[in-house]
Every structure is written in C-alpha cells, then in structure tokens.
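Colleague: Sequence plus predicted model, see below.
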Amino acid sequence: MTDPISDFLTRLRNASKAGLAQCVAPHSNLRVSLAGILKAEGFIRDVATGTDERGHKTIIVTMKYVDTQPVLTGLKRASTPGRRLYSGYSDLPRVLNGLGIAIVSTSKGLMKDQDARRNKLGGELVCTVW
C-alpha cells in the first residue's frame, strides 16, 4: 500500500455511503488522531482500537447517521505521495464556507484548519471533510 491515509479515507467514505454501522482499518497513530478529529467535529460517532483474528491492531470507527443519511458526506485527499501540498496558516482553504473542515499536519501534530489559523501554524494539507 503506497498511501495508507488515502486507504483509510476511502474505507470511511465507502462505509458511510453503504450505510454500515462500523468501519475497521489497520491501526496507526496518524489514523487514530485523524479519526479523533473527525469524532471531535461530530462527523463520526466513536473511535476504538481492537485486534483482528491474527492479532494485528485495528481501528474501529462507528459511523454516524441522521435519519438514515450519513453525517460524513464527503472526504477528499488533498496531499498525495506524488504531490505534497503545503500551506501557510493564512492560505489554508475554507471548506464549504466553514461548514466543512480541512485537516492539516503541523509541527504540533494533526489539527483542523481553524486551530491551525488560531495558532498561526501552516503545514501539509492532509484532507478536506464535509
């Protein structure tokens, strides 16, 4: 797998469009912090860690729905392994005029675009969520 973040976002996108209750992905600290931001912003219901039948650590994401409609309607990977996108704090994009969020990898860790602007931190634009 050349892009594990893109794989994780695709799993979340597919689970939300299919109406699944949970989504399981391989564990990594970056994925856990990404899912933590999505939970804090209300796009997903819960994040837990577990193990699969072979003993590998996994992330279990419980999806969130309102009247059978998914709360997580769109995910887009911004920076890819072949094309890295970096932005200063003043150049960070506003997603759907503030209704969505952009997730930025800064020197202080992953954070949403509002927090990066508030702390005056730029970094790699990981993805946009709406």
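Modeller: Thanks, I have it.

Colleague: hey, let's count contacts and neighbours off CA atoms from now on
Modeller: OK.

Colleague: now Trp130: how far from Phe8?
Modeller: According to Cα to Cα, to the nearest Å, Trp130 and Phe8 sit 16 Å apart.

Colleague: Comparing these two, which shows the higher neighbour count?
Modeller: Neighbour count, other Cα atoms under 10 Å: between Trp130 and Phe8, Phe8 has more, with 20 against 16.

Colleague: Check which helix or strand the more buried one maps to.
Modeller: Per DSSP states H and E, Phe8 falls inside helix 4-18.

Colleague: Check Val47 too.
Modeller: Here Val47 is assigned to strand 44-51, by DSSP H and E.

Colleague: Following that strand in sequence, what is the next regular element?
Modeller: strand 57-63.

Colleague: So for that next one, what gets flagged as buried?
Modeller: Neighbour counts over strand 57-63 (16 or more other Cα atoms under 10 Å) mark 58-63 as buried.

Colleague: Now do the buried residues in the helix holding Phe8.
Modeller: Quick answer for helix 4-18 (16+ other Cα under 10 Å): 5-6, 8-9, 12-13, 15-16.

Colleague: That one packs against which elements?
Modeller: strand 22-26, strand 75-77 (3 or more Cα pairs under 8 Å, 6 or more residues apart in numbering; DSSP states H and E).

Colleague: try 10 Å this time
Modeller: Applying 3 or more Cα pairs under 10 Å, 6 or more residues apart in numbering; DSSP states H and E, we find helix 4-18 packed against strand 22-26, helix 29-40, strand 57-63, strand 69-70, strand 75-77, strand 123-129.

Colleague: Need these in TSV (columns: mean pLDDT).
Modeller: Rendered in TSV, the data for the helices and strands packed on helix 4-18 read as follows (pLDDT from 0 to 100):
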stretch	mean pLDDT
strand 22-26	97
helix 29-40	98
strand 57-63	98
strand 69-70	96
strand 75-77	97
strand 123-129	98
